[in-house]
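Enquirer: coordinates for the following, if possible.
(2 chains)
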Amino acid sequence: MLTPTTPAPWRLRVQSRLAALPRDARDTLLWLTLVGWVVLLQVEHIPLWCSGLTAAVLAWRGTLAWGGAPLPSRWWRLGLLALTIGATLLTHRTLFGRDAGVTLIVVLLALKTLELRARRDAFVVFFLALFTLLTHFFYSQSLLTALGILVALWGLLTALVNAHMPTGKPPLWQAARVAGGMALLGAPIMVVLFVLFPRVAPLWGIPSDGMTGRSGLSGQMQVGHIASLAQDTRVAMRVRFEDTPPANSDLYFRGPVLGQFDGTTWRSPRSRLPVPLQLAHGLRVSGPALRYEVTLEPSQQPWVMALDATPQAPALPGHDLMLTPTLQWVSVKPFAELVRYSAVGHTRFRHGPLTAEVGLQDFLELPPGFNPRLMALAQRWRQEGDPSAPALVERALNELRTGGYLYTLEPGVYGRHSADEFWFDRKLGFCEHIASAFVVLMRSLDIPARVVTGYQGGERNPLDGFYTVRQSDAHAWTEVWLAGEGWVRVDPTAAVAPSRTAGLQRLAMPGGLMGQALGTLSPALTDHLRAAWDALNNRWNQWVLNYSQSRQLDLLKNLGFASPSWHDLGYVLAGLLSAVSLAGAAWALWERRQHDPWLRLLQQARRQAQRLGLDAGPDTTPRQLAGRLQQRYALHPDTPAVTAWLLQLEALRYAPSPGPNANLSTLRRAHAALRWPSPTD
Amino acid sequence: MRPLKQRFNAWLTARLPATDSLALTQRNVYILPTRPGWMLALTLLVMLVGSINYQLNLGYLLTFLLAGSAVVGIHVSHATLRGLTLHLAPPPPCFAGTAAQLTITLSSAQRRARHGIGVAIHGQSEWAYVDVPPQGSGTVTIGWVPPGRGRHSLPPLTAETRFPLGTFRVWTVWRPAASVLAYPTPEASPPPLPSGTPKAGNATATPSASTGEFDGVRTYRRGDPLKAVVWKRVAQAMARGSADLVSRDHASVQSRHELWLDWSHTGTANTELRASRLTAWVLQAERLGQNYGLRVPGHELAPAQGSAHRLQCLEALALC
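Expert: Okay, the predicted model is just below:
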């Protein structure tokens, strides 16, 4: 005989205890869960002690609620508050600014729960949690973030609704349903406001620490700096080519050019020459034009990532773009938001002077006292072999290919003579070690050379054709100047590790446990899932995060505004608002009307009777009406017809069988044809 | 400032029609933001400014979704009262100093549940909360202490809700037409009942107040209360073989002595104390099962007993 399996006794106990919890304790546990979820979303961005403290406080408060124990005294809270303010000061060195603010608000939220009496303090926790949610957007605006925050908002609304159901112990699903219904009905309002609310420039300057946490390319290059970037799989930009995309090995997106070296750091060239003598870019393109569109994630930098090379300014309304002498497109102000622009690029191009010019001097300078062995090597090469520049470049690349050099993301820390160390001793490094050593060698050989940073490659999503370029695609390559050719791109990393630029092997994605498990089970499925997820994310970026003033104005143009401005947005918004208000007023009027058609007909009859001077209040029945009519107008020729009609009206509603052709429409027609006695008769 | 507000409130309630049944429509349901409501507005503004300053499109989404939900919340809040019918059952009389129980039924014909509706005396903050199920009704009872004895019209009542978000207060003010009758407060330790007075026109009767078999007996008549049966005599009669029942002849007592509770013979000149004492005597006499009559200015109730008589006496005392 089969016996039904019983759940473990502790589970039963917990369930029955949960059901028997007093209302206040249950509501407190709900708030604690929500606070836990809100803080969990933030856990990456707050110090470890803050997460730990929050977890401990929530667990403590939860235990108190579970057992119905009294709350800790005020001194506990004050002591903890002082402690956490001290810890915040120690961690962030300030109490102001974004990061310290986020830490403080999380701490306040956690400590507030220690004096949480579910209903009274609902609003304080609600508002604190909202602010905590908002600060989350400083760090991430991804689709997952949005989903997590949607859940949090639903929960918070549920808890607030529950706090305003004062009777009994209503089940939580009731409050959840009300809250969900409100959010669903509020969604159209959200969409309208989101689409039409004028996007204006920041009202005042953003505090500088708004820029931390979002690494990208920086304007300089130190040994080891790009190593951390290479681990960063966040998306830097997305690119879509309108026609055939170029080969992966041609996908160079040009960022800052670094020409000045002080021995440890490469920086943007700052020429000591007078302006007329400095190099111009002198770009000459050839080959097919490639139309492409870039969606650039917020970089907090003014660099417009453009395909190498893009001769015309990318179309980016609202930003003034210019082309630097080092062939980089830059904007006047940094990009604090997602931007999208389209441009035309050519992968075949020449730039720079064809003959030696004074300006090239800037790209030959080397700091004295660094890398002596590489200098000596250069001296030897010039003496023993072919001293022409192309031959020397080829010889250096050949050395990299065959000299046992290894491409690795963890080359370790380099000393003072980083190029010497790389070239002769360790032979380990990634693009920046390789590029730096290569340029140092070239300059030692009296060949003008410079480092170019940017992004190389990208991953094509087979679903929508978008290339996803991640921070891990950040790259450093070099340009050498050759007489008669100008600047020529040389990627020494490709010589060490051809796969790095040929797109054969990507840097491994650090997947979660789930991702790894999926990857071992079915690599194809993983790829497919990731492609779908990327495509979804891309849509999110295109339609939500990239929704800017220019998109708004485009929308107005489609609506028929000839030259829309943000005033027009205001007009459309005001127009919609008044239309909705009018609809609301109309609905209110409609609701006030009598909806029962039978009662409406009776009401009309009462009004006609009142016009005759009969007593016909709102509680007069048809039969009473008929009686009063007969009393007053007994001899009037129209009276019998009206009386008969009134009795029919009564029969329709109250008679057990009102008759074969008694229905409202015949009655209504009869009513229209009815002649009532007139008072003058 | 205060008198102005009171005067405004008085004017506001005076123009309300007095009715025992009130249907709530858009005309008599009012709505205003609460303090947390203003806080929410401020929060939304801060969130909007933050979104503008940091150019956070997701921040805009969160702000607008919350704003949208709050706007829908206004409607939900208003709809919690709108369409509701309040009905006050006729309040039972009470003694002055105790609370009259006002029973209010809230009924809804709509197919949505209504939560968290509080009912209170207008201007007081002791709320009685009730939920009204879909197409059903809920009942609340609130107490109101009348200011003294007599008939009092009820104070204006108010129904309020802050459901669902507590950001808006939706309320209505209602002037019930019913009145409540307050009997005088019974005196806590009244003097003993006055002795009966000889019946007018029967001066020959002995003024003895003693009772017993000498009161007179007669044969049992149908309808005589059992306590009037003289069981001792019945036992003796049964021993003799007869089965006749014998009753005390109360009429003979009453024909000679009457208990009159008289306004002018209470031993005090204080009007309220008189009313209180008489009330206490009425209750006492009723408890003892005696017949009693009541004389108050402009009103005289012949001696009798029973709850109907008691209520008549109490009413007379309340209104004199």
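Enquirer: rest of the way, CA atoms for contacts and neighbours
Expert: OK.
Enquirer: now A:Val57: closest residue in space, sequence neighbours ignored.
Expert: A:Ala110 (6.5 Å; Cα to Cα, 6 or more residues apart in numbering or on different chains).
Enquirer: and the one you found, what is it in contact with?
Expert: A:Ala110 is in contact with A:35, A:54, A:57-58, counting by Cα atoms under 8 Å, 6 or more residues apart in numbering or on different chains.
Enquirer: how far away is it from chain B?
Expert: 19 Å (Cα to the nearest Cα, to the nearest Å).
Enquirer: what's the answer for A:Tyr467, then?
Expert: In terms of Cα to the nearest Cα, A:Tyr467 sits 23 Å off from chain B.
Enquirer: that residue reaches A:Gln456, doesn't it?
Expert: No. Using Cα atoms under 8 Å as the test, A:Tyr467 is too far from A:Gln456 to be in contact (11.5 Å).
Enquirer: comparing the two, which residue is more hemmed in?
Expert: Counted by other Cα atoms under 10 Å in any protein chain shown, A:Tyr467 and A:Gln456 do not tie: A:Gln456 has more neighbours, with 25 against 19.
Enquirer: which residue, neighbours along the chain excluded, lies closest to the more buried one?
Expert: Per Cα to Cα, 6+ apart, closest to A:Gln456 is A:Tyr252, 4.7 Å.
Enquirer: so A:Thr326 sits against A:Val257, correct?
Expert: Yes. Here A:Thr326 lies in contact with A:Val257, judged by Cα under 8 Å, at a distance of 6.3 Å.
Enquirer: compare the two (neighbour count), which wins?
Expert: Between A:Thr326 and A:Val257, counted using other Cα under 10 Å, A:Val257 has the larger neighbour count: 26 against 23.
Enquirer: just confirm the more buried one is within a strand.
Expert: Yes. Assessed with DSSP: H, G, I helix; E, B strand; the rest coil, A:Val257 lies in a strand.
Enquirer: if we can go back for a sec, wait, what's in contact with the residue nearest to A:Gln456?
Expert: A:307-308, A:454-457.
Enquirer: next one: A:Leu556
Expert: Here A:Leu556 is in contact with A:564, A:568-569 (criterion: Cα under 8 Å, 6+ apart).
Enquirer: what helix or strand does B:Ile142 sit in?
Expert: strand B:137-144 (DSSP states H and E).
Enquirer: how far off centre is that strand?
Expert: 11 Å (Cα atoms, centre = their mean, to the nearest Å).
Enquirer: any idea which helix or strand comes after it?
Expert: Next along the chain after strand B:137-144, with elements defined by DSSP H and E, is strand B:150-153.
Enquirer: in that next one, what's buried?
Expert: B:150-151 (16 or more other Cα atoms under 10 Å in any protein chain shown).
Enquirer: packing partners of the helix or strand that contains A:Asp27?
Expert: In this structure, A:Asp27 sits in helix A:23-42 according to DSSP H and E. When contacts are defined as 3 or more Cα pairs under 8 Å, 6 or more residues apart in numbering or on different chains; DSSP states H and E, helix A:23-42 packs onto helix A:48-67, helix A:98-112, helix A:122-136, helix A:143-163.
Enquirer: if we use 7 Å, what do you get?
Expert: Packing contacts for helix A:23-42, counted by 3 or more Cα pairs under 7 Å, 6 or more residues apart in numbering or on different chains; DSSP states H and E, involve helix A:48-67, helix A:122-136, helix A:143-163.
Enquirer: tell me the pLDDT of the residue nearest the centre of chain A.
Expert: Nearest to the mean C-alpha position of chain A, counting by Cα atoms, centre = their mean, stands A:Gln141 at 2.6 Å. pLDDT, A:Gln141: 81.
Enquirer: which residues does it contact?
Expert: Applying Cα atoms under 7 Å, 6 or more residues apart in numbering or on different chains to A:Gln141 gives the contacts B:Leu58.
Enquirer: can you pull the residues of chain B lying near chain A?
Expert: Applying Cα under 7 Å from any Cα of the partner chain, one finds that chain B approaches chain A through B:52-61, B:64-65, B:68-69, B:72-73, B:115-116, B:129-130, B:162-166.
Enquirer: one step back: and the buried ones among the contacts of A:Tyr252, selectable in ChimeraX?
Expert: ChimeraX command restricting these to the buried ones, with burial defined by 16+ other Cα under 10 Å:
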select /A:307,308,454,455,456,457
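Enquirer: what's the farthest-apart pair in the contacts of A:Tyr252?
Expert: Farthest-apart pair in the contacts of A:Tyr252 is A:Asp308 and A:Gly457; separation 11.9 Å (Cα to Cα).
Enquirer: picking that back up, in JSON lines, list the helices and strands packed on helix A:23-42 along with mean neighbour count.
Expert: Output for these, formatted as JSON lines (neighbours: other Cα atoms under 10 Å in any protein chain shown):
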{"stretch": "helix A:48-67", "mean neighbour count": "17"}
{"stretch": "helix A:122-136", "mean neighbour count": "21"}
{"stretch": "helix A:143-163", "mean neighbour count": "21"}
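Enquirer: save the ones you listed as JSON lines, and put in distance to A:Met190 too.
Expert: Shown next, in JSON lines, are those (distance: least, Cα to Cα, whole Å):
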{"stretch": "helix A:48-67", "distance to A:Met190": "32"}
{"stretch": "helix A:122-136", "distance to A:Met190": "16"}
{"stretch": "helix A:143-163", "distance to A:Met190": "13"}
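Enquirer: looking at the ones you listed, which is nearest to A:Ala579?
Expert: helix A:143-163 (28.3 Å).
Enquirer: now the terminal residues of stretch A:397-412, how far apart.
Expert: 23 Å (Cα to Cα, to the nearest Å).
Enquirer: likewise for stretch A:271-290?
Expert: So stretch A:271-290: terminal residues 33 Å apart, Cα to Cα.
Enquirer: can you list the low-confidence ranges for the stretch 1-150 of chain B?
Expert: B:1-2 (pLDDT under 70).
Enquirer: can you give me the helices in it?
Expert: B:2-14, B:35-54, B:57-81 (DSSP state H, counting those that start in this stretch).
Enquirer: out of those helices, deepest packed?
Expert: helix B:57-81 (a mean of 23; mean count of other Cα atoms under 10 Å in any protein chain shown).
Enquirer: residues making contact with it?
Expert: By Cα under 7 Å, 6+ apart, helix B:57-81 touches A:134, A:137, A:141, A:182-183, A:185-187, A:189-190, A:193-194, A:544-545, B:24, B:44, B:47-48, B:51, B:114, B:162-165, B:168, B:170.
Enquirer: rerun at 6 Å
Expert: For helix B:57-81, contacts defined as Cα atoms under 6 Å, 6 or more residues apart in numbering or on different chains pick out A:182-183, A:186-187, A:189-190, A:545, B:51, B:114, B:163.
Enquirer: kindly report the same for stretch A:37-55.
Expert: A:103, A:110.
Enquirer: how long is that stretch from one end to the other?
Expert: 11 Å.
Enquirer: and the host helix or strand of B:Leu294, how far out from the chain middle?
Expert: Here B:Leu294 sits within strand B:292-296, counting by DSSP H and E. Counting by Cα atoms, centre = their mean, strand B:292-296 is centred 25 Å from the centre of its parent chain.
Enquirer: repeat that for stretch B:140-151.
Expert: 6 Å.
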